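Participant: structure of the sequence below:
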Amino acid sequence: MADITIRPARAVIGSIRLPGDKSISHRYGMLAAIAQGTSRFRNFSTGADCASTVRCMEQLGAMVSKTDGTLEISGRNGTLIQPKEPLDCGNSGSTIRMLSGILAAQPIACQLFGDASLSRRPMSRIIDPLSKMGAEITATDGNRPPLKIKGGKLHAIQYQSPVASAQVKSCVLFAALQADGETVFEEPLRTRDHGELGLRAFGADLTRQKNRITIQGGQKLKAIEAAVPGDISSAAFFMCAAAILPDSNLLVEDLLLNPTRAVLLDVLKALGARISVVSIEEHHGELVGAVKIEHGKLTGLKISGSHAAALIDEIPVLAAIAPFTRDGIEVHDARELRIKESDRIATVARNLRLMGATVEEFDDGLFVPGSQKLRGAEIDPAHDHRIAMAFAIAALRAAGDTLIRHSECAEISFPEFYELLDKVGER
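Facilitator: Alright, predicted model coming up:
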């Protein structure tokens, strides 16, 4: 188990390009495997989670190769093969939930499992709609991995999701693509739309009216070539570092600017960071551009409702820098954080207190008052990649060195994180 020491810094300066967006990479990898032809992806995510997705698609018959940084996936034109062994989803909730939607319509029987963390995460949110479509799924205690899926002919449904989850939405849409009839999926709040945009990129037709998505089953997908834009959830760590450190001047190039994900830019600007979009263009429905971030005097913020859903991956790092704002950051409607790789609300609160901060914890969020000073401490991220990286950022402005235990967990989404942080950090 690797530990790493983070020393204080005065600024982050320079320009960076980030590995491909994790959410898009998962979906492109799955859709390519059931498409006709060979898809080619540049800047595919380097994280362990997306590697789990690619390995699962290989086991299901897709041909996978990588040459000069380009990932090639030759699809099965709609029909996957019976895997010889259970499908290992590792730490990836995205893999097990979204892949279940594809497998539910395939005439094969599969078992999907993961590590100890994934084995604690709830699966009823996908089991319910897939069962309503006609799939046969069993789970440990009815709700936890491993999952056993006996796929077959599915029928369309009208489904109103009780949770705002892009994973659940993509799962149902991927199943609906292969079902008989027209499926309608309604989400309580707008969530990231990479599943919808990915389906369109591969040639599927679907419509959206407010929070209702309609898709006709029986459509075939065709291979694409794409460059995956830089992961904005990974960029969040560097943006937050630039926001709290005086003299910072950071340019993030080829960055995903999808409106369902770029709320982070509005939040940091509202806090007081100086942010400007230098360029923007569209690729396969996804907005991509360059963003400049400079330090500013940070005030305070309340995050709730649709903003909490849109920022679910970024809340840990925003909470970690909240002590350096004037008025603090308060979060509500983020109960989903309780069932991520760790209980992220409790883990953030515990580690902030170790660094000397005062934190008020709620069932659905937390309040971190501003105008606090942090001291270096020994951080236990609970093997959660986003917690480890969030506290590496907080450590940049703490008094004294900070030790991040089990820092290798960052490899789940961002293996290059510490090297890149060292590259742009000025001390």
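Participant: residues in contact with residue 215?
Facilitator: Contacts for residue 215 (C-beta atoms under 8 Å, 6 or more residues apart in numbering) come out as 173, 176-177, 182-183, 185, 199, 204-207. Every C-beta, even on glycine, is put in place using the N, C-alpha and C of the backbone.
Participant: surely residue 85 is within a helix?
Facilitator: No - Residue 85: not assigned to a helix; according to DSSP: H, G, I helix; E, B strand; the rest coil it is coil.
Participant: ok, the spatially closest residue to it that is not a sequence neighbour - how many residues close by?
Facilitator: Sequence neighbours aside, residue 59 is the residue nearest to residue 85 in space, at 6.9 Å (criterion: C-beta to C-beta, 6 or more residues apart in numbering). Around residue 59 there are 18 other residues, counting by other C-beta atoms under 10 Å.
Participant: return the residues in contact with residue 59.
Facilitator: For residue 59, the contact set (C-beta under 8 Å, 6+ apart) comprises 83-85, 87.
Participant: okay, those in a markdown table with neighbour count, pLDDT and distance to residue 11 next?
Facilitator: A markdown table is the format used below for the contacts of residue 59 (neighbours: other C-beta atoms under 10 Å; pLDDT from 0 to 100; distance: C-beta to C-beta, whole Å):
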| residue | neighbour count | pLDDT | distance to residue 11 |
| --- | --- | --- | --- |
| 83 | 18 | 97 | 49 |
| 84 | 6 | 97 | 52 |
| 85 | 8 | 97 | 49 |
| 87 | 25 | 98 | 45 |
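Participant: farthest pair in those residues?
Facilitator: Largest separation among the contacts of residue 59 by C-beta to C-beta: 84 and 87, giving 10.5 Å.
Participant: residue 152: which of the contacts of residue 59 is nearest?
Facilitator: Looking across the contacts of residue 59 and measuring by C-beta to C-beta, the closest to residue 152 is residue 83, at 16.3 Å.
Participant: do you know how far the closest residue to that closest one other than its chain neighbours is from residue 45?
Facilitator: Using C-beta to C-beta, 6+ apart and skipping residues adjacent in sequence, the residue nearest residue 83 is residue 59, 4.2 Å away. To residue 45, residue 59 is 19 Å away according to C-beta to C-beta, to the nearest Å.
Participant: what's the neighbour count on residue 106?
Facilitator: Neighbours around residue 106, by other C-beta under 10 Å: 23.
Participant: grab the nearest non-local neighbour of residue 379.
Facilitator: Distances taken as C-beta to C-beta, 6+ apart place residue 391 nearest to residue 379, at 4.6 Å, with adjacent residues excluded.
Participant: any of the contacts of residue 215 buried? List them.
Facilitator: Buried subset of these (neighbour count, 16 or more other C-beta atoms under 10 Å): 173, 176-177, 183, 185, 199, 204, 206.
Participant: which two of those have the greatest separation?
Facilitator: Within those, 185 and 204 form the most distant pair, 13.7 Å apart (C-beta to C-beta).
Participant: among the contacts of residue 215, which lie within strands?
Facilitator: Among these, DSSP state E puts 182-183, 185, 206-207 in strands.
Participant: mean confidence for stretch 157-167?
Facilitator: Averaged over stretch 157-167, pLDDT sits at 96.
Participant: what do you get for stretch 110-123?
Facilitator: Across stretch 110-123, the per-residue pLDDT values average to 96.
Participant: stretch 266-277 now?
Facilitator: 96.
Participant: what is the end-to-end distance of that stretch?
Facilitator: One end of stretch 266-277 to the other measures 11 Å (C-alpha to C-alpha, to the nearest Å).
Participant: how about it: buried residues?
Facilitator: Neighbour counts over stretch 266-277 (16+ other C-beta under 10 Å) mark 267-268, 271-275 as buried.
Participant: related to what we said a few turns ago, ok, so of the ones in strands among the contacts of residue 215, who is nearest residue 223?
Facilitator: Using C-beta to C-beta, the ones in strands among the contacts of residue 215 come closest to residue 223 at residue 206, 18.7 Å.
Participant: per-residue confidence for that closest one?
Facilitator: At residue 206, pLDDT is 98.
Participant: show me the helices in the stretch 51-200 of the chain, by range?
Facilitator: Taking DSSP state H, counting those that start in this stretch, the helices of the stretch 51-200 of the chain run over residues 93-103, 124-132, 166-177, 194-201.
Participant: how about the ones you listed, which one is nearest residue 406?
Facilitator: Taking C-beta to C-beta, helix 93-103 is the member of those nearest to residue 406, at 19.3 Å.
Participant: helix 194-201 and the closest one, what's the angle between them?
Facilitator: Following axes from the mean of the first three to the mean of the last three C-alpha atoms, to 10 degrees, one obtains 50 degrees for the angle between helix 93-103 and helix 194-201.
Participant: what's the end-to-end length of stretch 144-155?
Facilitator: 25 Å.
Participant: list the buried residues of it.
Facilitator: For stretch 144-155, the neighbour count (16+ other C-beta under 10 Å) marks 144-149, 151, 154 as buried.
Participant: check the offset of that stretch from the chain's centre.
Facilitator: Taking C-alpha atoms, centre = their mean, to the nearest Å, one finds stretch 144-155 lying 24 Å from the centre of the chain it belongs to.
Participant: burial count for residue 305?
Facilitator: Counted with other C-beta under 10 Å, the neighbours of residue 305 add up to 12.
Participant: what sits against it?
Facilitator: Contacts of residue 305 by C-beta under 8 Å, 6+ apart are 189, 333.
Participant: any idea how far it lies from residue 253?
Facilitator: Per C-beta to C-beta, residue 305 is found 32 Å from residue 253.
Participant: how about residue 346?
Facilitator: Using C-beta to C-beta, we find residue 346 at a distance of 36 Å from residue 253.
Participant: ok, now residue 207?
Facilitator: According to C-beta to C-beta, residue 207 and residue 253 sit 33 Å apart.
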